[in-house]
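Enquirer: Here's a sequence, model it:
(one chain, ligands or ions: 1)
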Amino acid sequence: MNSTDSSPNTSLPDGRDLPLPWHLTLPGDLEPRLRGQLRADALRQLPWASALMLLVMGTATLVEYWVDSSALAELWRPRLVAVLGIVGVLMVAQRMPRLTHLLLCAAALCVALPHIYLGTVIDHPLAQTYFYLAFLAILSLSTLYRVPMSWALPTTLLILAASAGALWQFQPLDARASAVVLAVMACGSLMSLTGLYVMERLQRRFFLSEQLLFLHRSELHEANQTLASEASEDSLTGTINRRGLDSRLAKLLHGMQYQSRGAPDSISVLIFDIDYFKQYNDTYGHQQGDECLKAIASVPKTMVQRSTDFVARYGGEEFVVVLGGTRLADALVFAERMRARVEQLGIPHLGSRSNSVVTISIGVASTSGGAHDADKLIQQADAALYEAKAGGRNCVASVNSDGALRVLRRSA
Ligand SMILES: Nc1nc2c(ncn2[C@@H]2O[C@H](COP(=O)(O)OP(=O)(O)OP(=O)(O)O)[C@@H](O)[C@H]2O)c(=O)[nH]1
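Expert: Next up, the predicted model:
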């Protein structure tokens, strides 16, 4: 066997296994969910991003004023448009979160277009820096606003086209300076968009991994639940097995003792055993014995009603019925009814020394009779069962509150 055969199973898919197309669109409802998440992220960052953009424009105004104070008279109006655009987007986006990405692109355009206009019409020593401020708007899409590629690309192309158009049409700069400005803007935009694409790809893979993890976790949870229920079920009779009995009874008693919400105020335990079952097996065979066990177990299973009630196979042909919220007197009524129903099944039992049909003997104990832990309850119910066997079988016996054993006489 080679070394890879013994390696642990690593076939669980992760985000990297899933093919992501070049356009990065996720399948099914994952895309709208991711978009919602991206919008929420962008919305959270928007106040800081807006503040930063305003700071940049404020600084630019100061520098421009310092270089040529007379230019302020011409440039304050377009710049006010840019400021109002940013503040407007900030306010509207909070009210219309679904439009966040569109509004962020609008904010970038609100910054870029007035600066392209300024670069075109204002005669200022720093004229070409207005185009660089338009480029900052492009940069803000991928760095500050973090809009998806599908929004950033057309907005970037629009700003680049507007810049190129303005430089071509109005020629505010000489041809060489225009070429430099456009080349810087185009190269910077390419780098910014490439970075955004790579980031978005990573972000989407991370999102996919998260979704897969969530899926695996739910599958694991379901599998665990199935395992837990299978592990605590008796495969022959469908009742709870000994392990399940121990844990459920302990949980019920714990709840009762600490008066948890919904916990019963008393618990009764019935142990019953098929009379002369060895002889039944000897007479009818082990397989028929199994069928008999199933039929007998189905009687209490159909009788228990509360969520705190359950039937468990204690071992061999012995079963336990736990009745939450049932005091001894009511448990005895339940036990007698169960005994009668089993007898009424009329399963022939030629090997029985006490009856012609299969019967059961039942021992009953209750917390209202003084036993407050699982061992004590089972022990008392077992002692009562022994008493019922000794008392002639096909009957019910109990441990009373004073600890005395008592066999109930059957009604004729
Ligand atoms: N068919 C079948 N028999 C089982 C199973 N588990 C235990 N038994 C049988 O149940 C019988 C129990 O016999 P005993 O403990 O002597 O009790 P009994 O014959 O019922 O006698 P009393 O309880 O005194 O009435 C044994 O013969 C076991 O083989 C099972 O899963 N299937």
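Enquirer: Below-threshold pLDDT in the stretch 1-150 of the chain: ranges please.
Expert: For the stretch 1-150 of the chain, the stretches with pLDDT under 70 are 1-18.
Enquirer: Now do the strands in it.
Expert: Assigned by DSSP state E, counting those that start in this stretch, the stretch 1-150 of the chain shows no strands.
Enquirer: do the stretch 151-300 of the chain as well
Expert: Under DSSP E, counting those that start in this stretch, the stretch 151-300 of the chain gives strands at 267-274.
Enquirer: Pull up the residues of it that are close to the ligand.
Expert: Taking Cβ under 6 Å from any ligand atom as the criterion, the stretch 151-300 of the chain approaches the ligand at residues 236, 273-279, 281, 286, 289-290, 293. Backbone N, C-alpha and C define where each C-beta goes, glycine included.
Enquirer: okay if I get these as CSV plus pLDDT and neighbour count?
Expert: Below are these laid out as CSV (pLDDT from 0 to 100; neighbours: other Cβ atoms under 10 Å):
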residue, pLDDT, neighbour count
Leu236, 94, 13
Asp273, 96, 22
Ile274, 97, 24
Asp275, 96, 25
Tyr276, 96, 18
Phe277, 96, 21
Lys278, 96, 12
Gln279, 96, 14
Asn281, 96, 17
His286, 96, 9
Gly289, 96, 18
Asp290, 97, 13
Leu293, 97, 22
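Enquirer: any idea which of the residues you listed is closest to Ala404?
Expert: Distance to Ala404, by Cβ to Cβ, is smallest for Asp273 among those, at 21.3 Å.
Enquirer: The closest one is in contact with Ser361, isn't it?
Expert: Yes. Using Cβ atoms under 8 Å, Asp273 is in contact with Ser361, at 5.7 Å.
Enquirer: OK, contacts around the residue in the stretch 101-250 of the chain that the ligand sits nearest to?
Expert: Nearest residue of the stretch 101-250 of the chain to the ligand: Leu236, at 5.9 Å (Cβ to the nearest ligand atom). With contacts defined as Cβ atoms under 8 Å, 6 or more residues apart in numbering, Leu236 is in contact with Asp290, Leu293, Lys294, Arg313.
Enquirer: what about it, distance to Phe319?
Expert: 12 Å (Cβ to Cβ, to the nearest Å).
Enquirer: Please name the nearest non-neighbouring residue to Met96.
Expert: Using Cβ to Cβ, 6 or more residues apart in numbering and skipping the chain neighbours, the partner closest in space to Met96 is Leu103 (7.4 Å).
Enquirer: tally of neighbours for the one you found?
Expert: By other Cβ atoms under 10 Å, 25 other residues sit near Leu103.
Enquirer: for Gly285, same thing?
Expert: Applying other Cβ under 10 Å, we find 11 residues neighbouring Gly285.
Enquirer: With that, I have no additional questions.
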